[in-house]
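A.B. asks: predicted model, plus sequence, below.
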Amino acid sequence: MLDAHGIERDDLRRLRQNRALAESVARQLRGEEIVPQPAVRLLKTLTITCEGNATAEELVVRGQYTLSNKLITNQRFPLQPHAPIPRTLELLLVDREWSWEDGLAILTDRHLDRPTPEDCFYTGIQHPDEQRAHAIVFPHEPVRGGYGGPVVLVLIGIVGDRRLHLGCTARRWDRHCVLAGVRKVA
């Protein structure tokens with residue numbers, strides 16, 4: 001059976017179930033230009049334990065980085081003490097350059113939570129080799145960077161070199177940077 005726009009009811013049901021597709025079809029019906037959604041694939045799943053008993057500066061030291069940004073301080077990244085919490089991170093590979101907004105939309109579409117700064121610190125400590133394969137962007141709540149703009153933590157590395165950086169949310173990340181999301185707890 002067709003609706004007023006000539007769309008099958010089964011197609012409408014599928015559209016309601018797939019928000020990105022529904023938005024794309026709505027733009028087509030309005031005659032707007034269509035921007036293809038990036039293809040995203042799960043690269044790896046990591047399990048970490050956020051111990052909840054250290055400061056940001058202590059965790060940076062424990063990460064044994066070759067270089068870390070001097071703006072990663074306890075004041076910028078205050079961590080609250082808590083009982084140990086196991087966390088499951090999904091590292092997502094995007095097939096093209098992506099923006100901050102793209103990253104947040106991808107997490108929403110995949111029903112993932114945004115990571116916390118603590119997730120980044122413990123990933124660097126408990127899985128130090130992961131950042132050598134791909135830079136890992138952690139889209140936590142941004143903090144103010146050195147020039148006042150919003151920044152997030154990024155793990156970067158190559159063989160023999162591991163770095164903890166701050167990435168500006170106004171930049172675009174290339175396809176070699178992976179997006180970290182946290183699997184929601186049921």
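C.D. replies: Yes, it's here.
A.B. asks: part of a strand, is Val152?
C.D. replies: Yes: counting by DSSP: H, G, I helix; E, B strand; the rest coil, Val152 is part of a strand.
A.B. asks: isn't it up against Gly167?
C.D. replies: Yes: if you go by C-beta atoms under 8 Å, Val152 and Gly167 touch, sitting 5.6 Å apart. C-beta: built from backbone N, CA, C; applies to glycine.
A.B. asks: what sits in contact with each of those two?
C.D. replies: Among the neighbours of Val152, those also in contact with Gly167 (C-beta atoms under 8 Å, 6 or more residues apart in numbering) are Val137.
A.B. asks: contact partners for the closest residue to Asp113 other than its chain neighbours?
C.D. replies: Distance criterion C-beta to C-beta, 6 or more residues apart in numbering; nearest residue to Asp113, sequence neighbours excluded, is Val182 at 4.3 Å. Applying C-beta under 8 Å, 6+ apart to Val182 gives the contacts 87-90, 112-116, 119.
A.B. asks: and with 6 Å instead?
C.D. replies: Val182 makes contact with 87, 89, 112-113, 115, according to C-beta atoms under 6 Å, 6 or more residues apart in numbering.
A.B. asks: fine by me, thanks again.
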